[in-house]
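Peer 1: Compute the structure for the input listed below.
(one chain, ligands or ions: 1)
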Amino acid sequence: MAIKAVPFFTQLSDRELDVIRAVASEKTYQKNAVVLTEGEMGDSLYMIQSGKVKVFIGDEEGREIILKILGPGAFFGEMSMMDKQPRSASVTTIEASTFQVLSHAAFEKCVEQEPRIANMVMQILAQRVREADRKIGTLALMDVYGRVASTLLELAVHTNGKLVVGEKLSQQELANMVGASREMVNRILKDLTDRGCISIESKSITIINREFPPSL
Ligand code: CMP
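Peer 2: Got it, this is the predicted structure:
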């Protein structure tokens, strides 16, 4: 099993990995499959071995806010697994994905044998709260222009000496991440392109100048 490929697990010893391997089960989903539904009960934690998912909350009219896009090495579903409350968000695949799945009982068994596993989950939860705090800050304090700029910078990674947003994000998905309409995001991306701050290719956005102007 390619479980070592999951960064969460790269810090674990072989013994700790064996403990997880013994109780995890593998699940594969097609692209655009629903993995978790907000409000439903469930007690499993999913570790992403390959693929990508989007974590989002929505309303009855089909509007959604994307909380996070997660890729290999990340996990989700830990909240309901730990507090036995309904799922806090929905999760769907945006690529065909394979997960290692741990039930609450299986997770407890792992932690009983190897307590360090719980510490690592807690560390990642702390990181998530920090990120969520930053997001609350940008939603409350920035205009849409600032939110688009800060989301692009958050998603960008250094690739061949360039700062690139490699996610194949549609304008609608970006709009759902910043809580704005697709039309508004389209206008902002065009403006950022015209000002030479970004360049948009078919599958990526390159940040040319990270000193984005304050607003339109
Ligand atoms: P759970 O509530 O069990 O099911 C939905 C999952 O989405 C949740 O566990 C977390 O794993 C994940 N999730 C919820 N909010 C966020 C967030 N802000 N950032 C990343 N993941 C999240």
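Peer 1: Now do the host helix or strand of I136: which elements does it pack against?
Peer 2: Assigning secondary structure by DSSP states H and E places I136 in helix 116-141. Secondary-structure packing of helix 116-141 (3 or more Cβ pairs under 8 Å, 6 or more residues apart in numbering; DSSP states H and E): helix 14-23, strand 64-70, helix 104-113, helix 144-155. From N, CA and C alone the C-beta is placed, and that goes for glycine too.
Peer 1: any idea how this protein splits into domains?
Peer 2: Domains of the chain are assigned by automatic domain parsing as 3-139, 142-207.
Peer 1: avg pLDDT for the first one?
Peer 2: Mean pLDDT, domain 3-139: 90.
Peer 1: does the helix holding I136 come close to the ligand?
Peer 2: Yes: applying Cβ under 6 Å from any ligand atom, one finds helix 116-141 in contact with the ligand at R128, A132.
Peer 1: Out of the domains of the chain, which gets nearest to P213?
Peer 2: domain 142-207 (6.2 Å; Cβ to Cβ).
Peer 1: how much distance is there from the closest one to the middle of the chain?
Peer 2: The chain centroid and the centroid of domain 142-207 are separated by 16 Å, computed with Cα atoms, centre = their mean, to the nearest Å.
Peer 1: can you tell me if that domain touches the ligand.
Peer 2: No: Domain 142-207 does not reach the ligand (Cβ under 6 Å from any ligand atom); its nearest approach is 11.3 Å.
Peer 1: Not counting its own residues, what contacts stretch 123-134?
Peer 2: F8, L67, K68, F75, E78 (Cβ atoms under 8 Å, 6 or more residues apart in numbering).
Peer 1: same deal with stretch 198-206?
Peer 2: 152, 156, 162-166, 168-169, 189, 192-193, 207-208.
Peer 1: and if we set it to 10 Å?
Peer 2: Residues outside stretch 198-206 that contact it (Cβ atoms under 10 Å, 6 or more residues apart in numbering): 148-149, 152, 155-156, 159, 162-169, 171, 174, 189-193, 207-210, 212.
Peer 1: Which members of those occur in helices, if any?
Peer 2: V148, A149, L152, L155, Q171, L174, L189, K190, D191, L192, T193 (DSSP state H).
Peer 1: Leaving out the residues flanking it, which one is nearest to the second one?
Peer 2: Translated: A149. Spatially, and ignoring its direct neighbours in sequence, A149 is nearest to F212 (4.1 Å; Cβ to Cβ, 6 or more residues apart in numbering).
Peer 1: Tell me how many other residues crowd that neighbour.
Peer 2: Applying other Cβ atoms under 10 Å, we find 19 residues neighbouring F212.
Peer 1: isn't it right up against A156?
Peer 2: No: taking contacts as Cβ atoms under 10 Å, F212 lies outside contact range of A156: 11.9 Å.
Peer 1: contacting residues around V34?
Peer 2: When contacts are counted by Cβ under 10 Å, 6+ apart, V34 touches S90, V91, T92, T93.
Peer 1: Pull up the gap between it and L45, please.
Peer 2: From V34 over to L45 the distance is 17 Å, taken as Cβ to Cβ, to the nearest Å.
Peer 1: ditto for D59
Peer 2: For D59, the distance to L45 - Cβ to Cβ - is 26 Å.
Peer 1: More neighbours: which of the two?
Peer 2: L45 (23 against 8).
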